[in-house]
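> Requesting a structural model of the entry that follows:
(one chain, ligands or ions: 1)
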Amino acid sequence: MSDVSQVIEPQISDPILDEGDHDRFTHIVLEGYTPKGSEDFVPVGNSVVEGMINQTAVRALCGKEWVPGKDPGRFPICQSCVEVAESMGWKVPGR
Ligand SMILES: [Zn+2]
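This is a model prediction of the structure:
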């Protein structure tokens, strides 16, 4: 297992658009990180783009898993994701 306590690059994902989902938020998906002293991006999971193309599920920081849709909307950012990111000392995009 790699050391992920380095520089983390969380990505803002598309919102959940599941039918009947009352939690319509923009979630943060951790796609990977760049180790200190390296310029190589290390992926840690499915990227949102891959999920859209391959219809594979991605996992948000808050634990929500879903298959990303093609239609990003304007939803408020998921506070659970923000709390996880900030508790890990990661920079939250767009804040
Ligand atoms: Zn979330």
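> Buried residues in stretch 24-41, which are they?
Across stretch 24-41, burial judged by 16 or more other CB atoms under 10 Å covers 25, 26, 27, 28, 29, 30, 31, 32, 33. No exception for glycine: its C-beta is placed from N, CA and C like everyone else's.
> do the same with stretch 47-59
Of the residues in stretch 47-59, those buried by neighbour count under the rule 16+ other CB under 10 Å are 47, 48, 51, 52, 58, 59.
> secondary structure class for the third one?
When the structure is reduced to helix, strand and coil (DSSP: H, G, I helix; E, B strand; the rest coil), residue 51 reads as helix.
> nearest to the ion, of the buried residues of stretch 47-59?
Looking at those and their distance to the ion, the nearest is residue 59, at 9.7 Å (CB to the ion).
> what residues are up against that closest one?
Applying CB atoms under 8 Å, 6 or more residues apart in numbering, we find residue 59 in contact with 29, 45, 46, 65.
> got the residues of this protein near the ion?
27, 60, 62, 78, 80, 81 (CB under 5 Å from the ion).
> tell me the strands in the protein, going along the chain?
For the chain, the strands defined by DSSP state E cover 7-15, 26-34, 42-43, 58-59, 65-66.
> Mean pLDDT lowest where, among these?
Mean pLDDT is lowest for strand 7-15 out of the strands of the chain, coming in at a mean of 61.
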